[in-house]
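Novice: 3D, please:
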Amino acid sequence: MSSVPLQQSLADLHRAYASFFDSRTGKRKGRKVGAPRFKKRTHRQSARFTRNAGFAVLEPGGGTGLVRLPKIGRVRYESSRPLPADPSSVTVIGEADGRHYVSFVVDEPVPVVVPQPAPARCAGIDVGLTHLAVIVYDDGTREKVDNPRWLRTTQRRLARAQRAYSRTERGSKNQAKARRKVAAAHRKVRETRLDHHHKLALRLIRENQAVALEGLSVAGLARTRVAKSVHDAGWSTLTRLIKEKAAEHGRLVHTIGQWEPTSQVCACCGVRDGKKPLDVRVWVCPSCGLVLDRDYNAAVNVMLAAGLVERVNACGGSVRRVLSCADPVKQEPAEQTAPSGAAA
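Specialist: As a prediction, this is how the structure comes out:
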């Protein structure tokens, strides 16, 4: 065994304890950091080799790469593209599902992204559990993106794999095989969710010049009775991907405060009538009498609070009514304009 991965593990342990004590004493700002936990052998394992270890990378081509590690030898890996520079460190990662990865740290300049023509429209997004994202645009269109519920739809398969794992003998080879099957099932759920979020975030950034998001305390919601559904939706991942892709494509992202009463204020007249239970999806404004859809109304208020449109005539009076109402077909226009040339 090379001494470099052991030294790196001690350095990681020192950094973890230093962050823990600094967080307890108030020297480290932000969220509280917990004490380091023991890494089980069956969980994710990694070994990091720095330049002092004397590793070497060989790229024969043909989609195959070779990395020579000290006291291990040559390790073959699948290479999708050549490395842009000589790596400063290499990390071999073993996942719980039996897959192994090799990660290189290279010094690469920031790629220059060719700016694409920016569309002249903005969007307000309200995330939820019934619908993953409710989106309204300032051009008068709106849509609801269904929540696929990746974990909920695969619960039976996960439970079957977990039962098979619990029936195996402890320490046997069959237990190791069953454990890898459970990890592979969870990996499929995780990767499917991430792929969906990548595609949705990229579409929103490509089709809009500015995007308004609602600031949510996901850590707080994860301690409620809907914690499992909140984690299954992956709101934090979707928000992070939208911000990352916006920075790459030169778009703007506005995040409003988490205490903004988006579900309590009528997007048309601005009257606030208090909190509503989660089962109330459609409500009538006591001031203007407009039948509002809870999700669409919240998305419009997110766009208004971000300052993407004006409060007085945001998107036009009739457009704002159509965006926030429950049934735009049954709604009458907000203003009646006399035809040109008619007598006053």
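Novice: For the residue nearest the centre of the chain, which three-state class applies?
Specialist: Per Cα atoms, centre = their mean, the C-alpha nearest to the average position across the chain is that of Thr237, at 1.3 Å. Under DSSP: H, G, I helix; E, B strand; the rest coil, Thr237 falls in the helix class.
Novice: mind listing what's buried in the top helix by length along the chain?
Specialist: Longest helix in the chain by number of residues (criterion: DSSP state H): helix 173-207. Counting neighbours by 16 or more other Cβ atoms under 10 Å, one finds that the buried residues in helix 173-207 are 175, 178-183, 185, 189, 193, 196-197, 200-201, 204-205. All C-beta spots, glycine's among them, are computed from the backbone N, C-alpha and C.
Novice: Likewise for stretch 59-77?
Specialist: Buried residues in stretch 59-77 (16+ other Cβ under 10 Å): Gly65, Val67, Leu69, Pro70.
Novice: How about the contacts made by the last one?
Specialist: With contacts defined as Cβ atoms under 8 Å, 6 or more residues apart in numbering, the neighbours of Pro70 are Ser2, Val4, Phe49, Ala53, Gly54, Phe55.
Novice: can you rerun that using 6 Å?
Specialist: Ser2, Ala53, Gly54 (Cβ atoms under 6 Å, 6 or more residues apart in numbering).
Novice: The first one too?
Specialist: Taking Cβ under 6 Å, 6+ apart as the definition of contact, the neighbours of Gly65 are Glu59, Tyr77, Ser79.
Novice: rerun at 10 Å
Specialist: Contact analysis of Gly65 by Cβ atoms under 10 Å, 6 or more residues apart in numbering lists 57-59, 75-80, 82-83, 102, 104.
Novice: Identify the bridge partners of Ala123.
Specialist: Ala123 has the following beta-bridge partners by DSSP bridges: Tyr137, Val211.
Novice: was I right about it contacting Ala201?
Specialist: No. Using Cβ atoms under 10 Å, Ala123 makes no contact with Ala201, being 11.9 Å away.
Novice: about what we covered before: got CSV for the contacts of Gly65, with secondary structure too?
Specialist: Listed next are the contacts of Gly65 as CSV, based on three-state DSSP:
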residue, secondary structure
Val57, strand
Leu58, strand
Glu59, strand
Val75, strand
Arg76, strand
Tyr77, strand
Glu78, strand
Ser79, coil
Ser80, coil
Pro82, coil
Leu83, coil
Val102, strand
Phe104, strand
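Novice: The residues you listed into CSV, with extra columns for pLDDT and distance to Leu151?
Specialist: Output for the contacts of Gly65, formatted as CSV (pLDDT from 0 to 100; distance: Cβ to Cβ, whole Å):
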residue, pLDDT, distance to Leu151
Val57, 92, 38
Leu58, 87, 41
Glu59, 81, 39
Val75, 92, 34
Arg76, 93, 34
Tyr77, 93, 31
Glu78, 92, 29
Ser79, 87, 33
Ser80, 82, 29
Pro82, 85, 37
Leu83, 88, 36
Val102, 94, 29
Phe104, 94, 32
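Novice: just curious, which of those is nearest to Leu308?
Specialist: Ser80 (38.6 Å; Cβ to Cβ).
Novice: what's the nearest residue to that closest one if we skip its chain neighbours?
Specialist: Gly63 (7.3 Å; Cβ to Cβ, 6 or more residues apart in numbering).
Novice: And that neighbour, its phi and psi?
Specialist: Per-residue torsions, Gly63: phi 80, psi 10 (degrees, to the nearest 10).
Novice: and for stretch 223-235, what are the contacting residues?
Specialist: 127-133, 147-153, 155, 189-190, 193-194, 196-197, 213-214, 216-222, 236, 240-241, 278.
Novice: Which parts of the stretch 201-344 of the chain are helices?
Specialist: In the stretch 201-344 of the chain, the helices defined using DSSP state H, counting those that start in this stretch lie at 218-221, 227-233, 235-249, 294-305, 317-324.
Novice: Pick the most deeply packed of these.
Specialist: Highest mean neighbour count of the helices of the stretch 201-344 of the chain: helix 294-305, a mean of 26 (counted as mean count of other Cβ atoms under 10 Å).
Novice: what's near enough to touch the residue nearest to the centre of the chain?
Specialist: Arg190, Arg193, Leu194, His196, His197, His198, Ala201, Val218 are the contacts of Thr237 under Cβ under 10 Å, 6+ apart.
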